[in-house]
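>>> Sequence below, structure please.
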Amino acid sequence: QVQLVESGGGLVQAGGSLRLSCAASGSIFSINAMGWYRQAPGKQRELVAVESSGGRRNYADSVKGRFTISRDNAKNTVYLQMNSLKPEDTAVYYCNANLLLRFLSPANDYWGQGTQVTVSS
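Numbering: from 1, shown residues only. So this is what the prediction gives:
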């Protein structure tokens, strides 16, 4: 059983910062990409940032220059440092991990439960 546990959401004023963390635990052989998605009310879930196992990072255009994703592979943990937050960043943020449970098994996506980020104007 794999679990992704997120922390670090909350309420912040526009221009402020938050740091999200997500730790993957369980019977994991290896993790490919880890990333963050978000879903605002009435909108589809969208990619925020993702980092591959090799360290390649991709960001949504709307967060480039403000958000930074990082990983601690030894801890199976991914972080999202969010600076210069805007009201439009308000959403539920979900952690995602694409991982293998065993050697040569197919890779599958796993999701955290989500953490609320609210940015007030």
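>>> Quick check: residue 74 is in a helix.
Yes: residue state for residue 74 (DSSP: H, G, I helix; E, B strand; the rest coil) corresponds to a helix.
>>> For this protein, which segments count as strands?
2-7, 10-13, 18-26, 30-39, 46-51, 57-59, 67-72, 77-82, 91-100, 108-111, 115-120 (DSSP state E).
>>> okay but residue 3 is in contact with residue 25, surely?
Yes: the criterion here is CB atoms under 8 Å, and residue 3 meets it with residue 25 at 5.2 Å. For glycine as for every other residue, the C-beta is placed from the backbone atoms N, C-alpha and C.
>>> ok now do residue 81, which residues does it touch?
Each residue near residue 81 by CB atoms under 8 Å, 6 or more residues apart in numbering is listed here: 17, 19, 67, 68, 69, 70.
>>> Please read the previous query as pertaining to residue 25.
Contacts of residue 25 (CB under 8 Å, 6+ apart): 2, 3, 5, 76.
>>> try 7 Å
3, 76 (CB atoms under 7 Å, 6 or more residues apart in numbering).
>>> likewise the one 4 residues further on?
Applying CB under 7 Å, 6+ apart to residue 29 gives the contacts 100, 101, 102, 103.
>>> right, and out of these, which lies closest to residue 38?
residue 100 (25.6 Å; CB to CB).
>>> and that closest one, how far is that from residue 6?
Distance of residue 100 to residue 6, given as CB to CB, to the nearest Å: 21 Å.
>>> distance of residue 115 from residue 19?
11 Å.
>>> Would you mind giving the strands of the chain as CSV with mean pLDDT added?
Below are the strands of the chain laid out as CSV (pLDDT from 0 to 100):
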stretch, mean pLDDT
strand 2-7, 96
strand 10-13, 98
strand 18-26, 97
strand 30-39, 96
strand 46-51, 98
strand 57-59, 98
strand 67-72, 97
strand 77-82, 98
strand 91-100, 97
strand 108-111, 96
strand 115-120, 98
